[in-house]
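S.K.: This is a predicted model, with the sequence first.
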Amino acid sequence: MALSAADIQRLCKLARVEVPEADIPRVQGDLSKVLALFEQLKQVDTTGVDPLVHALELGNVLAPDQVAESLSLDEVLKNAPSQDGSFFKVPPVLG
């Protein structure tokens, strides 16, 4: 499928990409080559091929959750540079 210069200009406008007039023939050729490759891929017989969801067939690779004793409030706050009761005190982020 060959693209015209008008097609390239329309695509650039839709994608909000500025392409100088001098580069349109080069972009036109590059995109036409890409579309030709897609046309070639359409010819491949994919019957019986399951869709690929992920490149690696891995299951859940996270470690299972384990119940453990948590730190006490005093242990958590002992390294805080500043605290207000049972809360970390931080400088304001928003004005």
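M.R.: In hand now; what should we look at?
S.K.: Which of the helices or strands spans the residue nearest the centre of the chain?
M.R.: The residue lying closest to the centre of the chain (C-alpha atoms, centre = their mean) is His54, at 14.2 Å. Following DSSP states H and E, there is no helix or strand that holds His54.
S.K.: Contact partners for it?
M.R.: Residues near His54 by C-beta atoms under 8 Å, 6 or more residues apart in numbering: none. (Glycine included, C-beta is placed from N, CA and C.)
S.K.: what's it sitting at in phi/psi?
M.R.: Main-chain torsions, His54, degrees, to the nearest 10: phi -150, psi 150.
S.K.: For Asp45, which residues are in contact?
M.R.: With C-beta under 8 Å, 6+ apart as the criterion, no residue contacts Asp45.
S.K.: distance of it from Val61?
M.R.: For Asp45, the distance to Val61 (C-beta to C-beta, to the nearest Å) stands at 34 Å.
S.K.: The protein: helices as residue ranges?
M.R.: 5-15, 24-42, 73-77 (DSSP state H).
S.K.: Can you lay out those helices as TSV showing distance to Phe87?
M.R.: Formatted as TSV, these follow (distance: least, C-beta to C-beta, whole Å):
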stretch	distance to Phe87
helix 5-15	48
helix 24-42	56
helix 73-77	8
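S.K.: nearest to Lys89, of those?
M.R.: With C-beta to C-beta, the closest approach to Lys89 among these belongs to helix 73-77: 10.0 Å.
S.K.: Need the contact partners of the closest one.
M.R.: Here helix 73-77 makes contact (C-beta under 8 Å, 6+ apart) with Gln83, Ser86, Phe88.
S.K.: between these, which is nearest Leu41?
M.R.: For the contacts of helix 73-77, the minimum distance to Leu41 (C-beta to C-beta) is 54.9 Å, reached by Phe88.
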